[in-house]
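A.B. asks: Sequence and predicted structure are below.
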Amino acid sequence: MRSYSFTHAITRLPAPSILDGLRAVDTGAPDLARMMQHHADYSKALAETGAKVIQLPALPAYPDSVFVEDTALCLPEGAVIMRPGAPSRLGEAGEMAPHLAQLYPNLHHITGADSFIEAGDILMCEGEVLVGRSARTNGAGIAELAGILAQWGIKTREVFTPAGVLHFKTDCSLMDAETILATPRLAASGCFDGYRVIHTGDGEEAAANAIRFNNLVLMAAGFPRTRDALLRAGYELREIGNSECAKLDGGMSCLSLRFTPPS
Ligand code: CIR
């Protein structure tokens, strides 16, 4: 299953400059030591599935660089380096490119001066790729990505991110080829019609950003109603502390690139 079976993940250690990371609402300074502990738990869970986890060093020049997901989309056919819509994050994409170039002979780049796209807005499903327009991702960015994916025979479907939500995947995650975990406000848009949808629990919208990685579902700790719904559905869960990344609007998906490079 290309949408959740992976041999590799890339993570990046948080830097002390994380204190300057972007956030919609200031709920207090993230605690770097606690974030490092959560990050270690996260990497350990990924590795537990048998995947190779490549941990890149901290990049203090980019306060949000721990959120590597936004820099690239990696598929079995090739990888695409994004053009983040947040000006302070634009350079993170170039920092990721040489690492992916070692694994992908087929490395593409979003290049248009008016094209902006962050991979937090991209949900890779089994038979299609959903891309949400957001404050970080615009029509030109989506069109450029869709052109690259079309060369590989992959269908792109544009969807909308709810107002005030950072990224499309802030509000949803793929659980398996047929199943999406989503907030009721996003699922109500109809974008998951045809999929089985598991709703996050009442008041637990922040649990929607989870990941399926091989046999495991990694979810943020502290959301008992969503956890129980996923357990009832039969998923093998790992709850990971996310209190510090949450202060920066980050969650489980943001912390890694997950992929199987071409052999
Ligand atoms: C930002 O605002 O860009 C970061 N503080 C959080 C990025 C989270 N990334 C993601 O949802 N993929």
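C.D. replies: Yep, that arrived.

A.B. asks: From here on, just use CA atoms for contacts and neighbour counts.
C.D. replies: OK.

A.B. asks: What separation do you get for the residue of the chain positioned farthest from its centre and residue 198?
C.D. replies: Distance from the centre of the chain peaks at residue 232, with 24.3 Å (C-alpha atoms, centre = their mean). For residue 232, the distance to residue 198 (C-alpha to C-alpha, to the nearest Å) stands at 11 Å.

A.B. asks: what does residue 184 give?
C.D. replies: In this view, residue 184 and residue 198 are 9 Å apart by C-alpha to C-alpha.

A.B. asks: So between these two, which is more surrounded?
C.D. replies: Taking other C-alpha atoms under 10 Å, residue 184 and residue 198 do not tie; residue 198 has more neighbours (21 against 18).

A.B. asks: doesn't the more buried one fall inside a helix?
C.D. replies: No - under DSSP: H, G, I helix; E, B strand; the rest coil, residue 198 falls outside any helix and is assigned strand.

A.B. asks: Quick one: residues contacting it.
C.D. replies: 179-182, 229-230 (C-alpha atoms under 8 Å, 6 or more residues apart in numbering).

A.B. asks: can you rerun that using 10 Å?
C.D. replies: By C-alpha atoms under 10 Å, 6 or more residues apart in numbering, the residues touching residue 198 are 172-173, 175, 179-184, 187, 208, 226, 229-230, 233.

A.B. asks: Also residue 88?
C.D. replies: Residues in contact with residue 88 (C-alpha under 10 Å, 6+ apart) are 21-22, 61-65.

A.B. asks: mind listing the helices for the chain?
C.D. replies: Using DSSP state H, the helices of the chain run over 32-48, 90-101, 139-151, 184-187, 224-232, 243-246.

A.B. asks: what's the most buried one of these?
C.D. replies: Greatest average neighbour count among these goes to helix 243-246 (a mean of 20), per mean count of other C-alpha atoms under 10 Å.

A.B. asks: Please enumerate residues in contact with it?
C.D. replies: So helix 243-246 is contacted by 14, 18, 21, 23, 27-36, 38-39, 64, 66-67, 206, 220-222, 250-252, 254-255 (C-alpha under 10 Å, 6+ apart).

A.B. asks: Now the buried members of those residues.
C.D. replies: Buried members of those, scored by 16 or more other C-alpha atoms under 10 Å, are 14, 18, 21, 30, 32, 35, 38-39, 64, 66-67, 206, 220, 222, 250-252, 254-255.

A.B. asks: what does the stretch 51-200 of the chain have sitting close to the ligand?
C.D. replies: Residues of the stretch 51-200 of the chain that fall close to the ligand, judged by C-alpha under 6 Å from any ligand atom: 64, 67, 69-70, 120, 167, 170.

A.B. asks: Columns distance to residue 137 and pLDDT on top of these, output as CSV?
C.D. replies: As requested, these are exported to CSV (distance: C-alpha to C-alpha, whole Å; pLDDT from 0 to 100):
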residue, distance to residue 137, pLDDT
64, 17, 98
67, 16, 98
69, 14, 98
70, 11, 98
120, 9, 98
167, 9, 96
170, 13, 97
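
A.B. asks: with the residues you listed in mind, which one is nearest to residue 111?
C.D. replies: The nearest member of these to residue 111, counting by C-alpha to C-alpha, is residue 70 at 15.4 Å.

A.B. asks: Neighbours of the closest one, how many?
C.D. replies: Look at residue 70: counted by other C-alpha under 10 Å, it has 30 neighbours.

A.B. asks: for it, what are its contacts?
C.D. replies: 64, 81-85, 89-90, 92-93, 117-122, 167, 253-257.

A.B. asks: make it 8 Å
C.D. replies: For residue 70, the contacting residues are 82, 84, 118-120, 254, by C-alpha under 8 Å, 6+ apart.

A.B. asks: Which of these has the largest number of neighbours?
C.D. replies: residue 118 leads these on contacts (other C-alpha under 10 Å) with 32 neighbours.
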